[in-house]
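In: Let's see this in three dimensions:
(2 chains)
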Amino acid sequence: MHESGDWLARRTFHHGDFSDIAALVRRKQERGLSISLCFPTLNEEATIAKEIVIIKSELQLRHPLVDEIVVIDSGSTDRTAEIAAEFGAKVYLAADILPGIDPYKGKGENLWKALYVLEGDIIVYVDADIKNIHPRFVYGLVGPLLADEEIRFVKAFYDRPIALDQKTVKPSGGGRVTELVTRPLFSSFYPELAQFIQPLSGEYAGFRECFDSIPFPIGYGVETSMLMDIYDKFGMEAMAQVDLDKRVHRNQTTVALGRMSFGIIQTFIAKLNASGKASMVGELYRTMIQFELEGGAYRRKESRIDIVERPPIIGLPEYLAKFPGRAV
Amino acid sequence: MQTILKRTLELKDSLSSLKELLIGNAIMLGEVPSYAGTWQSDDEMSSVDYSVRARFFADRMAELGVDECTTDPLGNPIGIIKGSDPARPPILVCAELDSLFNPPGDIHYSISGDTIVGPGLMDNALGAAAVMSLPDILRREGLSFKSNVLLAGISNTMRESKNLVLVDRFLDCLSVKPCAALIIKGGELGRLNYYSEAVVRADIVCERRPGARTTPPNMIIVANEIIDRLLTIALPQKPETTVTVGMIRGGYKYGSPATTARIGIELRSTSNEALSELSEKVSSILDLLRYERRVDIEYDVAAELGAESLGWSHPLTKAAVAVLGELGLEPSVYPSVSELFYYLKRGIPAITVGVANGNEYHQESASASLSSLYTGLAQIVGIMLAADEEACDA
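Out: Below is the predicted model of the structure:
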């Protein structure tokens, strides 16, 4: 049994616990905090307008909970950036942020660079492919941060609590990659983190210091890496998770999930190495090998997945110049 | 009136700056299934089912700061914005809350360019969202009225074939007769219904007679014969009178004669008398076939509306024409075959207008143009202002 004891019971919330948005706004004002919402995007024209409209309408115009809505785009070839700007979001092309640094392309890059342009004390990251966007995706995440000063980071999950009622118990958890890759790895090396129902969910919020003091892998693995780093730096008591009920989004193919899993495993091993929890003796290969069946013959398909990591942005002079209060 | 028309035109532009609020309302309301759930009204003695959408409508109205928000005994939410002269009769703005098309599973709307897309949007989530948005619009635009304004969502109208009867009952529950009523539909923008056509909607149900000694006939053949005879009825061109066979259902297996068949028909006329004569002819045809074919034929009238008119020269009609004209819209005048009749037969001056231009009203991909929505909302507010100034003093 690991140390966190009843963490699951104490640090697992439901968005309904925070549905009094006016009370959240009062709490935010009392604590003198500001909140920034970031959508990392790449070709999300089908969903981005609705996401911005709903959040802006409900959590900016009706209740001033969110102070800014920012889209960090990886270079969409569709109308994502144009639509987002039309509905009032601040839109940045990731490559244009911190132009003195060689750009990479990936979700982690967008999240990392967002830290430079976002102004808020609390930062909320929400994926831009959600079809059933609802204000709960944001107030559910910031609720625990505003309510409990000990909580510094909140992760979303989209499942009902493990026990439905006193008698019924159903298996609970994340998607295929979570249950087949991430949770087994966490169970082996970070058993406390295995308590996150959906460690790979793309929606999370935290205080700026949670994010600016950790490295960001630019591609697959950013969520896994983030949990491990925040846990190492702030401990389990500073972390929480919130049930946001249901999330409807595009499903990925098993082949795509395979590549994602490969990236997560690569990131995980690299972090194990760095932390001293395990050490690699031999070579770690960077190519994912998959197969396609075409015309009755199998064809080998290789995907090179390099693990590139941005260092903690707090070490960047440009960042410290903009946020001098973050200087250690 | 000129001042009101000028203000209406200004609203068209200023409302587009509230687009996130207005679209947000349409999405939030439209994604709540109109058929789902029950909730208990404040009147705990009531045993009526209340839709979750009605609850959302009520909660949102309260949140948007109407002076009072209540429910009638049927569970219909009504928001009240108090006017400066409480002695005047109120202005009623209302919309059916339900959506006629309800897809299986969850409802998700989307925005694509200038278009909002989602099932049930045009009939009638958008109409209801327009009414629900009015407190916000009036407050942000600094608009006030002499009369009280009642903003009502009428629920359950599309559940269990109750249809328009519940609109009738809603009006029964009003304690004060409004001086003007605006019925808001999703579309089409520019429609202006100020008179109703006489309508009978009926199901004709054919069934084998229990214990019949002779070989029972195939009910689909009987239904077919009924249709043939309906089509022989001579219909006057003046007053314009029509018969439409809109639905047919029957049978259960390829190789078995159908034991039941059902035909849905609609009879319409601009004259109550002509419709009454037509309905009698239909009854007579069915009586005859009952004897000839020795089967049970039921003539089940689901809705019966009369021909009523507010009149082209009524101040409310004239105000609507003027407002539409100011907004660059040519009024599309045609008879209502919906709830307008119930208002007019009670002597409530009422018109039906649409709030947006849309497509595929009753499909999964129902859509509305956002730019037309702002014009449609300006139109509603303009007519309300005009009614407050002129129609309610008439």
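In: contacts and neighbour counts: CA atoms only from here.
Out: Will do.
In: who does the helix or strand of chain B with the lowest mean pLDDT touch, helix- and strand-wise?
Out: Here the helix or strand of chain B ranked lowest by mean pLDDT, DSSP states H and E is helix B:165-173, holding a mean of 82. For helix B:165-173, the contact count by 3 or more Cα pairs under 8 Å, 6 or more residues apart in numbering or on different chains; DSSP states H and E identifies strand B:149-154, helix B:340-345 as packing neighbours.
In: Return the angle between stretch directions for the next helix or strand after that helix and strand B:149-154.
Out: Counting by DSSP states H and E, the next helix or strand C-terminal to helix B:165-173 is strand B:180-189. On the basis of axes from the mean of the first three to the mean of the last three Cα atoms, to 10 degrees, strand B:180-189 is oriented at 60 degrees to strand B:149-154.
In: in its sheet, what does strand B:180-189 sit against?
Out: strand B:91-96 (parallel), strand B:350-354 (parallel) (DSSP bridges).
In: Could you list the buried residues of it?
Out: B:180-189 (16 or more other Cα atoms under 10 Å in any protein chain shown).
In: With stretch B:322-337 instead?
Out: The neighbour-count check on stretch B:322-337 (16+ other Cα under 10 Å) flags B:322-324, B:326-327, B:329, B:331, B:335-337 as buried.
In: Among these, which one sits closest to A:Leu115?
Out: B:Leu327 (46.2 Å; Cα to Cα).
In: The closest one contacts B:Leu11, doesn't it?
Out: No: the criterion here is Cα atoms under 8 Å, and B:Leu327 misses it with B:Leu11 at 10.1 Å.
In: how about the residues of chain B that lie near chain A?
Out: With the criterion set to Cα under 8 Å from any Cα of the partner chain, chain B comes near chain A through B:20-21, B:23-24, B:108-113.
In: any idea how far B:Leu275 lies from B:Lys238?
Out: 12 Å (Cα to Cα, to the nearest Å).
In: ranges for the strands of the stretch 151-300 of chain A?
Out: For the stretch 151-300 of chain A, the strands defined by DSSP state E, counting those that start in this stretch cover A:153-157, A:204-207, A:216-217, A:239-243, A:287-294, A:297-304.
In: Tabulate those (JSON lines), appending mean pLDDT.
Out: Shown next, in JSON lines, are the strands of the stretch 151-300 of chain A (pLDDT from 0 to 100):
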{"stretch": "strand A:153-157", "mean pLDDT": "96"}
{"stretch": "strand A:204-207", "mean pLDDT": "98"}
{"stretch": "strand A:216-217", "mean pLDDT": "94"}
{"stretch": "strand A:239-243", "mean pLDDT": "97"}
{"stretch": "strand A:287-294", "mean pLDDT": "91"}
{"stretch": "strand A:297-304", "mean pLDDT": "92"}
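In: quick one: which of these is nearest B:Asn193?
Out: strand A:239-243 (47.9 Å).
In: Just give me how far that closest one sits from the chain centre.
Out: 12 Å (Cα atoms, centre = their mean, to the nearest Å).
In: what angle sits between that strand and strand A:153-157?
Out: Using the same axes, to 10 degrees: strand A:239-243 against strand A:153-157 is 30 degrees.
In: Using CSV, write out every CA atom in strand A:239-243.
Out: The C-alpha trace of strand A:239-243 is given here as CSV (Å, rounded to 0.1, in the frame of the first residue of the first chain):
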residue,chain,number,x,y,z
MET,A,239,-3.1,17.0,-7.1
ALA,A,240,-6.7,16.2,-7.7
GLN,A,241,-9.1,14.8,-10.3
VAL,A,242,-12.6,15.8,-11.3
ASP,A,243,-15.3,13.8,-13.0
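In: Now the stretch 201-328 of chain A against chain B: closest residue?
Out: Residue of the stretch 201-328 of chain A nearest chain B, by Cα to the nearest Cα: A:Val248 (9.1 Å).
In: what's near enough to touch that residue?
Out: A:130-132 (Cα atoms under 8 Å, 6 or more residues apart in numbering or on different chains).
In: Out of these, which are close to chain B?
Out: Near chain B, by the rule Cα under 8 Å from any Cα, you find A:131-132 out of the contacts of A:Val248.
In: how many other residues sit next to A:Ser19?
Out: Neighbourhood size, A:Ser19 [other Cα atoms under 10 Å in any protein chain shown]: 15.
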